[in-house]
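*Asks:* I'll drop the sequence and a predicted model, then ask my questions.
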Amino acid sequence: MLQVVAKRKTREEILELSVPLFARYGYDGVAMRDIASTVGVTPAALYYHFPDKENLYLDVVAYAFEERLAVLKKILAGGGSPRQRLEEFITENARVMATDKNFIRLMQWAALDSNEARLQKLSHCVFKDLFIAIYHLASELDDRYDPHLLAISIIGLVYFHFEAGATRHLMPGYLPHQDDPQVVAEHVIQLLHDSISETVTY
């Protein structure tokens, strides 16, 4: 008689399969037993890799964002003028927002998280390096602006177009082509170009 042995899930497979769960339900909406069932492992096997739900959640967010944030950080650290890097960053960020629904949903849940300690861990371990890179770019763009506020504005101008997608469709003036990430990117780039002083030297 043949004995069927279930394939043991690797840590990376568990992270990958957990991303849609946390993206859909958030931290509070998912229990470890739900994750174990969906992933196809026993609760004991899940706890072998992750001591508790918070550790799993933090690792899932880091895993989901790792490749995407690496691309964005590479753009910000690349050659070209600050404006060229800004354009490339906005264009790629808009593309990611439009094509990766789990990415934007995880960002939404992170923004809504009321647990200060968990937010600090997310900020430090996942988002800090990218924000520092955007901050440095903002510092190069126009010294009339507070670089912290300008960095937040650069992020928010792209993010909110997609974060508000469900309700934006119901607002006056909506047209389907406005969902195109290239259209959004070009709009945000033009807004920022019109605001940033032409006298800045690079």
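*Replies:* In hand now; what should we look at? Note that the structure is predicted; figures quoted are calculated from it, not measured. Numbering: from 1, shown residues only.
*Asks:* Now do the helices in the protein.
*Replies:* Here the chain has its helices, by DSSP state H, at 11-25, 32-39, 43-49, 53-77, 82-99, 101-112, 116-122, 128-141, 147-163, 165-168, 181-195.
*Asks:* For those, give me JSON lines that also has mean neighbour count and mean pLDDT.
*Replies:* C-beta here means a position set from N, CA and C on the backbone, and glycine is covered the same way. Converted to JSON lines, those look like this (neighbours: other Cβ atoms under 10 Å; pLDDT from 0 to 100):
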{"stretch": "helix 11-25", "mean neighbour count": "18", "mean pLDDT": "94"}
{"stretch": "helix 32-39", "mean neighbour count": "16", "mean pLDDT": "93"}
{"stretch": "helix 43-49", "mean neighbour count": "14", "mean pLDDT": "93"}
{"stretch": "helix 53-77", "mean neighbour count": "17", "mean pLDDT": "94"}
{"stretch": "helix 82-99", "mean neighbour count": "20", "mean pLDDT": "96"}
{"stretch": "helix 101-112", "mean neighbour count": "17", "mean pLDDT": "90"}
{"stretch": "helix 116-122", "mean neighbour count": "13", "mean pLDDT": "94"}
{"stretch": "helix 128-141", "mean neighbour count": "17", "mean pLDDT": "96"}
{"stretch": "helix 147-163", "mean neighbour count": "18", "mean pLDDT": "95"}
{"stretch": "helix 165-168", "mean neighbour count": "12", "mean pLDDT": "87"}
{"stretch": "helix 181-195", "mean neighbour count": "16", "mean pLDDT": "96"}
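*Asks:* Just put those helices in TSV and tack on distance to residue 175.
*Replies:* Formatted as TSV, those follow (distance: least, Cβ to Cβ, whole Å):
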stretch	distance to residue 175
helix 11-25	28
helix 32-39	38
helix 43-49	46
helix 53-77	28
helix 82-99	16
helix 101-112	21
helix 116-122	35
helix 128-141	29
helix 147-163	13
helix 165-168	11
helix 181-195	9
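*Asks:* Any idea which of those gets closest to residue 174?
*Replies:* Proximity to residue 174 (Cβ to Cβ) singles out helix 165-168 among those, at 6.3 Å.
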